[in-house]
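Visitor: Could you work out the structure for the sequence below:
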Amino acid sequence: MATLRPRTAVIADAWTAAEIDAPALVNKKGLPLARTQKCLLDPLVFRPRERKHLAKALLNPADAAEMYQLLVDSREALSWTSLWYLEFKEMRQALGISEGNPQELYYPRAYELAITRGAPEGDVSELVSALLDSIHTIGPSTREVMEVLRSKETHDYAEKTWTSSWYNRRVPPQTHGLSERLALALLDQSGERLEAFVATEDVRAIAFEMRDQEGIIEKFLEAIVPKTQTVSLSEKDPLVPPELLGSAFLPLDRTIEQRVRAALIRHRDADSEVGAAEIVIEEIERVVDAFGLHDARSQALFLVGTVIAPQLTPLLHVDSDDGGAAEGFVGELQQRIRREAYVMHLRRQLCAGGAIHPDQTKVVADLQDFWKPWLNRLWSRLHGREIRPRPPAESPKELLTGITRSVILDHRARIRKSLERSS
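Guide: As a prediction, this is how the structure comes out:
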């Protein structure tokens, strides 16, 4: 049987064997920096999304040989990338730029120049300066946004907006039979009823009632799934507007600062030139809408997620009486999670009373309260799609399955790192 080795060790050995001369990409030991792997090697050289066998935490000798060959083939380009990166870094210093991490911002651009132009020759300052300008002038800087957010004018605007709109609103009538329709939609494995639900149902009444009464979400969940674990959307019940600054974990407690920072990244990704004040005002106003989301479809999807999330219990026995079994679409998601090798391993360890590796305790905590990372990921995805609006390219079922997959991939990455550290 072939000997398996941790991926990080394989990359380090392959890099050394390939004799790559790229001082700006390595640490003092001559090994690739973590950001070299994250921003260059994985997305541009190894491409594990295309070569899935190279994404595993443990690699066999054939995989190691393939990685070595890929590095040999890219040796010249990586050496030139190092030279271009130094040009970027020198110009950044000359221009007094302090925004963003230079490795994350410039490694990919430096590699692109290495591929298209080769090594930097002659005076490239004008080219590099223009590229830096394009990188750093798309939209406002984080500092500009934070200055707006901390201003007295913003504080006064938020207070005025929330005072006039948080409770003063036209509440749609409570939709009769909403919980029954949602329950039936989740039992339909075809996804057609779920699509119809998010396309037609007005769920604002439930979101607005959360501002007036305690326990609204708990009562709604009990009407659909009587045996379920507790789920919380906010530490405040009844719900109140979030804080302007700082951070919070639960979806509806996310501060305006957190929402603005996320929005800023999305605007940059879209090459949007929206101003700092506009971003801040938009997030302050978005808070007033149901579940902190403008779009009716997003609101309905979040309510659907609120019902699904507490039923996802990866570490419970399937035949337990406390919510271990789930039916329909939720059952599909449940089985997908439970079939993961790391979940089965941790469940066996917990059942046998075995010790859990310290690096894996956070994963165990996430699995015990799976609804927390799952709901946070869902809200973030919906919020991001409102900032960069586009027609839904996937069905609700596909979106919610994708959220589950995203949380699983995050867990896999943590498990892989713990394996690499312990080997």
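Visitor: got the domain boundaries for this protein?
Guide: The chain is divided into the following domains under automatic domain parsing: 1-137, 169-241+287-423.
Visitor: Compare those domains and report which one is nearest to residue 263.
Guide: domain 169-241+287-423 (5.1 Å; CB to CB). No exception for glycine: its C-beta is placed from N, CA and C like everyone else's.
Visitor: Report the buried residues of stretch 194-212.
Guide: 194-195, 197-198, 201, 203-211 (16 or more other CB atoms under 10 Å).
Visitor: For it, what is the distance to the chain centroid?
Guide: With CA atoms, centre = their mean, to the nearest Å as the basis, stretch 194-212 stands 24 Å off its chain's centre.
Visitor: residue contacts, the spatially most central residue of the chain?
Guide: Nearest residue to the geometric centre of the chain (CA atoms, centre = their mean): residue 377, 5.9 Å. Residues in contact with residue 377, defined by CB atoms under 8 Å, 6 or more residues apart in numbering, are 403, 406, 407.
Visitor: Export the buried residues of stretch 194-212 as a markdown table, with columns for pLDDT and distance to residue 127.
Guide: Formatted as a markdown table, these follow (pLDDT from 0 to 100; distance: CB to CB, whole Å):
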| residue | pLDDT | distance to residue 127 |
| --- | --- | --- |
| 194 | 92 | 51 |
| 195 | 91 | 49 |
| 197 | 91 | 53 |
| 198 | 91 | 48 |
| 201 | 80 | 54 |
| 203 | 89 | 52 |
| 204 | 88 | 52 |
| 205 | 87 | 57 |
| 206 | 88 | 55 |
| 207 | 90 | 51 |
| 208 | 90 | 54 |
| 209 | 88 | 58 |
| 210 | 91 | 54 |
| 211 | 90 | 54 |
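Visitor: farthest pair in these?
Guide: Across these (CB to CB), the longest gap, 28.9 Å, separates 195 and 211.
Visitor: Against which helices or strands is the helix or strand hosting residue 262 packed?
Guide: Residue 262 belongs to helix 256-269 when assigned by DSSP states H and E. Judged by 3 or more CB pairs under 8 Å, 6 or more residues apart in numbering; DSSP states H and E, the packing partners of helix 256-269 are helix 142-150, helix 276-286, helix 371-387.
Visitor: Any chance of JSON lines for those, columns distance to residue 395 and mean pLDDT?
Guide: Below are the helices and strands packed on helix 256-269 laid out as JSON lines (distance: least, CB to CB, whole Å; pLDDT from 0 to 100):
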{"stretch": "helix 142-150", "distance to residue 395": "34", "mean pLDDT": "88"}
{"stretch": "helix 276-286", "distance to residue 395": "25", "mean pLDDT": "94"}
{"stretch": "helix 371-387", "distance to residue 395": "14", "mean pLDDT": "93"}
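Visitor: who wins for proximity to residue 281 among the domains of the chain?
Guide: Across the domains of the chain, closest to residue 281 is domain 169-241+287-423 (CB to CB), at 11.1 Å.
Visitor: Off-centre distance for the closest one?
Guide: Using CA atoms, centre = their mean, the offset of domain 169-241+287-423 from its chain centre is 15 Å.
Visitor: Over to the nearest residue to residue 37 once chain neighbours are set aside. Which of the three states is it?
Guide: Of all residues not flanking residue 37 in the chain, residue 11 sits nearest, at 6.5 Å (CB to CB, 6 or more residues apart in numbering). Three-state assignment for residue 11 (DSSP: H, G, I helix; E, B strand; the rest coil): helix.
Visitor: any idea how far residue 11 is from residue 413?
Guide: 15 Å (CB to CB, to the nearest Å).
Visitor: neighbour-wise, which of these two wins?
Guide: residue 11 (24 against 12; other CB atoms under 10 Å).
Visitor: my guess is the more buried one meets residue 33, correct?
Guide: No. Contact between residue 11 and residue 33 fails when scored by CB atoms under 8 Å: they sit 11.4 Å apart.
Visitor: just to revisit the earlier point, pick the one among the contacts of residue 377 closest to residue 242.
Guide: residue 403 (22.0 Å).
Visitor: got a pLDDT number for that closest one?
Guide: The model reports residue 403 with a pLDDT of 95.
Visitor: do the one 10 residues further on as well
Guide: pLDDT for residue 413: 75.
Visitor: Any quick PyMOL command for the buried ones out of the contacts of residue 377?
Guide: Of these, the buried ones can be selected in PyMOL as follows, counting by 16+ other CB under 10 Å:
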select buried, resi 403+406+407
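Visitor: before we move on, the earlier item: need the per-residue pLDDT for the residue nearest to residue 37.
Guide: 95.
Visitor: got a list of what it touches?
Guide: With CB under 8 Å, 6+ apart, residue 11 has these contacts: 32, 37, 41, 67.
Visitor: same question, residue 25
Guide: Contacts of residue 25 by CB under 8 Å, 6+ apart are 32, 33, 36, 40, 78, 81, 82, 85, 107.
Visitor: Distance of the fifth one relative to residue 278?
Guide: Residue 78 sits 40 Å away from residue 278, going by CB to CB.
Visitor: quick one: buried residues of the longest helix along the chain?
Guide: Using DSSP state H to define each element, the chain has its longest helix at helix 396-422. Residues of helix 396-422 classed as buried: 396-397, 399-401, 403-404, 406-408, 411-412, 414-416, 418-420 (neighbour count, 16+ other CB under 10 Å).
Visitor: cool, and stretch 232-241?
Guide: So for stretch 232-241, counting by 16+ other CB under 10 Å, buried means 232, 233, 234, 236, 237, 239, 241.
Visitor: could those residues be laid out in a markdown table, adding distance to residue 349, secondary structure and pLDDT?
Guide: Converted to a markdown table, those look like this (distance: CB to CB, whole Å; DSSP: H, G, I helix; E, B strand; the rest coil; pLDDT from 0 to 100):
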| residue | distance to residue 349 | secondary structure | pLDDT |
| --- | --- | --- | --- |
| 232 | 28 | coil | 92 |
| 233 | 31 | coil | 95 |
| 234 | 33 | coil | 95 |
| 236 | 36 | coil | 94 |
| 237 | 35 | coil | 92 |
| 239 | 38 | coil | 94 |
| 241 | 43 | coil | 95 |
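Visitor: Just give me the closest of those residues to residue 295.
Guide: residue 233 (17.7 Å).
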